[in-house]
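Asker: Give me coordinates for this.
(2 chains)
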There are 2 protein chains.
Amino acid sequence: MTVEPAQREVLSRIQPLGSEAVGISCALFRTLAEPVACDIDYPPFDRSVMDGFAVRSDDVREAPVTLRVVGQIPAGQMATQCLGVGEAMQINTGAAIPPGADAVARVEITESVDGGRSVRITESVPLGKFITQRGAHARAGDVALKAETLITASEVAVAATAGAAELNVYRRPRVAHLATGDELVDVAATPVGAQIRNSNQHALADLIRTSHADPVSLGTVGDDRDALRAKIEEGLGYDVFCITGGISMGAFDFVPEVLEQCGVSFHVRKMSIKPGRPTIFGTTDRGTLVFALPGNPVSAFVGFEVLVKPALSGLCGRSHIPPPIKAILDGELAATTNRRSYFPVSVRVDDDGAIVAKPLSWGGSGDPVGMAGADGFATRAADSPSAVDGDRVDVLLFGQRS
Amino acid sequence: MTVEPAQREVLSRIQPLGSEAVGISCALFRTLAEPVACDIDYPPFDRSVMDGFAVRSDDVREAPVTLRVVGQIPAGQMATQCLGVGEAMQINTGAAIPPGADAVARVEITESVDGGRSVRITESVPLGKFITQRGAHARAGDVALKAETLITASEVAVAATAGAAELNVYRRPRVAHLATGDELVDVAATPVGAQIRNSNQHALADLIRTSHADPVSLGTVGDDRDALRAKIEEGLGYDVFCITGGISMGAFDFVPEVLEQCGVSFHVRKMSIKPGRPTIFGTTDRGTLVFALPGNPVSAFVGFEVLVKPALSGLCGRSHIPPPIKAILDGELAATTNRRSYFPVSVRVDDDGAIVAKPLSWGGSGDPVGMAGADGFATRAADSPSAVDGDRVDVLLFGQRS
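Answerer: Prediction:
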């Protein structure tokens, strides 16, 4: 199965999670489950855009002209009197325009006269100048943020303005992950004999966090059917369950068999990608999404980016899979086989603003060390010729660095 | 002062923060204060890349040939015997090559014979095929991750492989932030008269979090010198202090004066940018970085992106300011004045992989509602003509969405 149908298999089986209310201080990188509407007009009053003097535009038509200063309006206060003919009031940026005034003369075109009792306006000011009308940016009831919006700092500014002290957002997906293999030892241990460290446990947890979901590590299980079955049953209690290793053609690769015994139905089994071919996607009756990823660290990364990440967005109502970006290749990529291929690349913006992808010197799917500095995968269709310096290639960004 | 000299003023005054050890599970988005070296070779033993049979390449030179199966090597275990002439051992991906074997015949070119007691190898296999030599990806002592690397999931995989259960990383910057202005009320309150909600407090906190630093809100202070001074003195106790509002030309704009009374020396005062001109950068004797940003929400955003964000990276040893990317404009941008200008844009990747920037319908620097969906600022030099549909424009990405 190629990538696009596999992604459709995943997205077609996703129901957005339930929602919950969170305070605006805890809303970063959550996804709105319902729109946010403005409760009042914004700005809530006619407002000065500049520091200067509120005036009647008729009075300053024949500038220069001198007006009597009858008060000062600081931000936060309403004027207590109406501006009469021949009068001006000192006003600050953001302050409310007094009744009677219809323009603001910015401070740069004013001169204090008679110890501040009057002000000389040196240029005429048209009607409405430097005034933002009440409701100019939004009206009470306007939708300020649509449902399914990912909340970043930009949207937090909007929500705060709209009075949304609490936001109704999708629950964060809870993602259990389990590494399998008798060869795995903890990071803190020194491998002996044929052992290696369990890097997938930590990399997967941080891939899940970067996708704005909550990882729950179920640790490591050896190549033992009963122990594996117990751990899988635990994992199936979460929204999503990721298991790495044990899905290849080896004599001890019984993860698929035990998953099926636990009631997982497979919808994707083997993908036409390199690395990552053995990747499996399945579901349970109660709707748990199950991803069995290869044990090779880079293969697991590819499987995560291609299937798991879109699933985690989809669980929060964001089911659009962004297309890869085009980048300029700084280096070479080998011709591909009959499978779509993924190559770890570092990505930079050059001084001309172009996006440049540099292939990492990488020893293949079993080489986690070569992932240092990887910002994404260059991806090339099956049966592509080799790519050389300066070619434009597709890049899937991990989207992790700021 | 234009942007580049202002950024140099900031970066030239930055000392990286101290470092601390964190467990690998807590290292996401921290920055390494020292390199991570591999403690052992990786892989730590000669390893099979495929499921199949470990063989002697001499034995299969004249394939097809039938070999005696003398054992099975699961991942995690070393063979207990040497492979002799005419023998094969079943081996799984990731398992250790037994002594005597020098190639792996993948399972697809093998056939079980005599109930598994022998195996027929249908193709010849060259010396070394499907074996990753011990140390092929990294040698003990090799630097796997350089100092000053931002840790993402890619680097976590590397660190785990290198045995770095703890990592020495820079302390996260602690950033106090304070909003000033008598007009500000809490998000949960309904503004009356000339009041508006304090959106900067929440937006700044999340900009700081997105920059991998820890915000500490000092709340809001009115336009009162004594109260302001007390809050500023509190703010100067942090690594970085951001204050919004009160820096324009209004009668109540005494933030700069009080900052100076509190011992802040200014190095940037007014920038040739729009919006955001009044932005101030200063330092105290004890090294606190002080940023006074305009109260207008979009101006504060610009000041943050232009000066504060590079400072927060610099405090963690990452002092490279990435250049803007080039994007294709979907819409129009007005001609600029004699200042570099910033326009909020949403950014998408189109089906051709091109990056497209769409200007938001935005009411100017006082319009936070127009920031909904902003992924960055299109930025244009002073005295630029208007830009139209299809033009290539520079975009500073906030880098927040995945």
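
Asker: Give me every residue in the stretch 301-402 of chain A lying close to chain B.
Answerer: A:301, A:309, A:322-326, A:344, A:348-355, A:363-364, A:366-375, A:392, A:394, A:398-402 (CB under 8 Å from any CB of the partner chain). (Glycine included, C-beta is placed from N, CA and C.)

Asker: Which of those fall within helices?
Answerer: Counting by DSSP state H, those place A:301, A:309 in helices.

Asker: Name the nearest residue to A:Gly163, sequence neighbours excluded.
Answerer: Nearest residue to A:Gly163, sequence neighbours excluded (CB to CB, 6 or more residues apart in numbering or on different chains): A:Asp39, at 4.4 Å.

Asker: what about the strands in the stretch 101-250 of chain A?
Answerer: Under the criterion DSSP state E, counting those that start in this stretch, the stretch 101-250 of chain A contains strands at A:103-106, A:110-113, A:118-121, A:131-132, A:143-145, A:166-170, A:174-180, A:184-185, A:196-197, A:214-221, A:240-244.

Asker: same check, this time on the stretch 301-402 of chain A
Answerer: Under DSSP E, counting those that start in this stretch, the stretch 301-402 of chain A gives strands at A:325-329, A:340-349, A:355-359, A:376-380, A:392-397.

Asker: Which positions in stretch A:68-77 come out as buried?
Answerer: Going by neighbour count (16 or more other CB atoms under 10 Å in any protein chain shown), the buried part of stretch A:68-77 is A:69-70, A:72-76.

Asker: Chain B next: which of those are close?
Answerer: Filtering the buried residues of stretch A:68-77 for proximity to chain B (criterion: CB under 8 Å from any CB) leaves A:72-76.

Asker: follow-up on the earlier one: now the residues of the stretch 301-402 of chain A next to chain B: which count as buried?
Answerer: Of those, these count as buried by 16+ other CB under 10 Å: A:301, A:309, A:324-326, A:344, A:348-349, A:353, A:355, A:363, A:366-375, A:394, A:398-402.

Asker: tell me the domain ranges of chain A?
Answerer: A:3-11+A:172-315, A:19-42+A:144-170, A:47-132, A:325-397 (automatic domain parsing).

Asker: Quick check: which of these is nearest to B:Asp58?
Answerer: domain A:3-11+A:172-315 (24.3 Å; CB to CB).

Asker: Pull up the distance across the closest one, start to finish.
Answerer: Using CA to CA, to the nearest Å, one end of domain A:3-11+A:172-315 lies 19 Å from the other.

Asker: same deal with stretch A:306-319?
Answerer: So stretch A:306-319: terminal residues 13 Å apart, CA to CA.

Asker: now swap in stretch A:361-369 and tell me
Answerer: End-to-end distance for stretch A:361-369, by CA to CA: 10 Å.

Asker: need the contact list for the closest residue to A:Leu360 other than its chain neighbours.
Answerer: Leaving out its chain neighbours, the residue that sits closest to A:Leu360 by CB to CB, 6+ apart is A:Pro344, at 4.7 Å. A:Pro344 makes contact with A:298, A:301, A:359-360, A:362, A:370-371, A:374, A:376-377, B:154 under the criterion CB atoms under 8 Å, 6 or more residues apart in numbering or on different chains.

Asker: Please convert the residues you listed to JSON lines, extending it with pLDDT and distance to B:Arg269.
Answerer: Formatted as JSON lines, these follow (pLDDT from 0 to 100; distance: CB to CB, whole Å):
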{"residue": "A:Val298", "pLDDT": "95", "distance to B:Arg269": "50"}
{"residue": "A:Phe301", "pLDDT": "96", "distance to B:Arg269": "47"}
{"residue": "A:Pro359", "pLDDT": "97", "distance to B:Arg269": "46"}
{"residue": "A:Leu360", "pLDDT": "95", "distance to B:Arg269": "44"}
{"residue": "A:Trp362", "pLDDT": "81", "distance to B:Arg269": "48"}
{"residue": "A:Gly370", "pLDDT": "90", "distance to B:Arg269": "48"}
{"residue": "A:Met371", "pLDDT": "93", "distance to B:Arg269": "45"}
{"residue": "A:Ala374", "pLDDT": "95", "distance to B:Arg269": "42"}
{"residue": "A:Gly376", "pLDDT": "95", "distance to B:Arg269": "40"}
{"residue": "A:Phe377", "pLDDT": "97", "distance to B:Arg269": "46"}
{"residue": "B:Ser154", "pLDDT": "95", "distance to B:Arg269": "41"}
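
Asker: which one among the residues you listed gets closest to A:Asp58?
Answerer: Looking across these and measuring by CB to CB, the closest to A:Asp58 is A:Gly376, at 61.3 Å.

Asker: The closest one: what's it in contact with?
Answerer: Per CB under 8 Å, 6+ apart, neighbours of A:Gly376: A:344-345, A:347, A:357, A:395-398.

Asker: what residue ranges in the stretch 301-402 of chain A score low on pLDDT?
Answerer: A:400-402 (pLDDT under 70).

Asker: Kindly recompute the last result at 80.
Answerer: Scanning the stretch 301-402 of chain A for pLDDT under 80 picks out A:399-402.

Asker: And for the stretch 151-300 of chain A?
Answerer: Those would be A:248-252, if you go by pLDDT under 80 across the stretch 151-300 of chain A.

Asker: again, only using 70
Answerer: A:251.

Asker: All the helices of it, residue numbers only.
Answerer: A:153-161, A:200-210, A:225-235, A:255-261, A:297-303 (DSSP state H, counting those that start in this stretch).

Asker: Identify whichever of those lies nearest to A:Val388.
Answerer: Closest to A:Val388 of the helices of the stretch 151-300 of chain A is helix A:297-303 (CB to CB; 22.8 Å).

Asker: Apart from its neighbours in sequence, what residue is nearest A:Trp362?
Answerer: A:Trp362 sits nearest to A:Gly370 (CB to CB, 6+ apart), 3.3 Å away.

Asker: hang on, the earlier thing: closest one of the contacts of A:Gly376 to A:Val268?
Answerer: Taking the contacts of A:Gly376 together and measuring to A:Val268 by CB to CB, the closest member is A:Leu396, at 18.0 Å.

Asker: returning to that earlier point: most widely separated two among the contacts of A:Pro344?
Answerer: Using CB to CB for every pair in these, the one that comes out farthest apart is A:Phe301 and A:Pro359, at 15.1 Å.

Asker: Tell me, how many residues neighbour A:Gly263?
Answerer: As a burial measure, A:Gly263 scores 16 neighbours (other CB atoms under 10 Å in any protein chain shown).

Asker: Report the contact partners of it.
Answerer: Per CB under 8 Å, 6+ apart, neighbours of A:Gly263: A:236, A:284-285.

Asker: give me that answer again for 7 Å
Answerer: A:284-285 (CB atoms under 7 Å, 6 or more residues apart in numbering or on different chains).

Asker: Point out the residues in the stretch 151-300 of chain A that sit beside chain B.
Answerer: Listed as neighbours of chain B in the stretch 151-300 of chain A under the rule CB under 7 Å from any CB of the partner chain: A:152-158, A:160-161, A:163, A:165, A:181-183, A:187-188, A:190-191, A:193-197, A:199, A:202-203, A:205-207, A:209-211, A:223, A:248-252, A:295, A:297.

Asker: same thing but 6 Å
Answerer: A:152-158, A:160-161, A:165, A:181-183, A:187-188, A:191, A:193-195, A:197, A:199, A:202-203, A:206-207, A:209-210, A:248-250, A:252, A:297 (CB under 6 Å from any CB of the partner chain).

Asker: Just the buried residues out of these, in ChimeraX syntax.
Answerer: Selecting only the buried entries of these in ChimeraX, with 16+ other CB under 10 Å as the criterion:
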select /A:152,153,154,155,156,157,158,160,161,165,181,182,183,187,191,194,195,197,199,202,203,206,207,209,210,248,250,252,297
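
Asker: ok, for A:Pro99, nearest residue in space, not its chain neighbours?
Answerer: Closest to A:Pro99 by CB to CB, 6+ apart is A:Cys82, at 4.6 Å.
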